[in-house]
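# prediction below, plus the sequence it came from.
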Amino acid sequence: MLSNSCIGVFFNDSTKIVLDIDCFNFIYYERRPLDKKDIGSGHTLTDYPKELQKKVTLLQHFRSYLEGSAKKGEEGDTKNIGTDKMKEEVKEEVPEEKHEKKPMSEDTVYVKKWMRTRHAIMFRLSNKVVQVNFQDHTEIILSSESKVVTYVNKKGERLTYPLSTAMESSNLEMAKRLKYTKDILTHMLQSNQTSRAGGKDKPGDNGVSSS
């Protein structure tokens, strides 16, 4: 779940889905083979191409999990629910005034790549922000546009530093995590260059990821 309350899913084939906060409209992104650029198409949970059925079903499951509405023992039933039945349930859950397709926004933020390491999960977003969630519940957020790094400590406190001097900060816990983040980013860039040189495009994931 993103900070704007939208729900996103990153699939094995590097396609992505982002569900709008109205819980009715969604954007489906697929990578164009020629230039590896993500191309988006807008749909609703009651009107989408047949080939997206499995991915939309997964989106619904992730949404239930993230919103805490999934009940014990319910998963087995929802897996076998028919598409038409699911669409009817969506219509009942979403207020009637929201039953219309929105124009697709060009500013929608989604996860472009992600990587899991021994100590953290890293997300690279479409707005060029990099977020790293560590196992001890601390976070590093890098913004290349504003040139700042935000550190969320174990107490949940957010501290912001200029990116140019953050490594020299007296906050050693932040500096250590920032160095780790930069090392992982360097590794990702080198891997991408190697993949392109070999004529292969490897998604930076090990499975389906929700955000």
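Nice, thanks for sending it over. Numbers count the residues shown, from 1 in each chain.
# just the helices in this structure please.
Under the criterion DSSP state H, the chain contains helices at 53-66, 75-79, 83-93, 172-197.
# by mean pLDDT, show me the worst of those helices.
Lowest mean pLDDT within the helices of the chain: helix 75-79, at a mean of 46.
# all strands for the chain, in order.
Ranges of strands in the chain, per DSSP state E, are 7-10, 16-19, 25-31, 38-44, 111-116, 120-125, 129-134, 139-143, 148-152, 158-162, 209-210.
# could you export those as a markdown table, including mean pLDDT and mean neighbour count?
Using the backbone N, CA and C atoms, a C-beta is placed for each residue, glycine as well. Converted to a markdown table, the strands of the chain look like this (pLDDT from 0 to 100; neighbours: other CB atoms under 10 Å):
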| stretch | mean pLDDT | mean neighbour count |
| --- | --- | --- |
| strand 7-10 | 90 | 24 |
| strand 16-19 | 94 | 24 |
| strand 25-31 | 94 | 20 |
| strand 38-44 | 93 | 16 |
| strand 111-116 | 89 | 18 |
| strand 120-125 | 92 | 19 |
| strand 129-134 | 94 | 19 |
| strand 139-143 | 94 | 20 |
| strand 148-152 | 95 | 19 |
| strand 158-162 | 95 | 13 |
| strand 209-210 | 58 | 18 |
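# pipe these into TSV and attach distance to E173 per row.
Listed next are those as TSV, based on distance: least, CB to CB, whole Å:
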stretch	distance to E173
strand 7-10	29
strand 16-19	32
strand 25-31	35
strand 38-44	35
strand 111-116	22
strand 120-125	14
strand 129-134	10
strand 139-143	10
strand 148-152	8
strand 158-162	10
strand 209-210	26
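# R63: which of the ones you listed is closest?
Of all the strands of the chain, it is strand 7-10 that lies closest to R63, at 5.2 Å by CB to CB.
# now do the closest one: which elements does it pack against?
On a contact count with 3 or more CB pairs under 8 Å, 6 or more residues apart in numbering; DSSP states H and E, strand 7-10 meets strand 16-19, helix 53-66, strand 111-116, strand 209-210.
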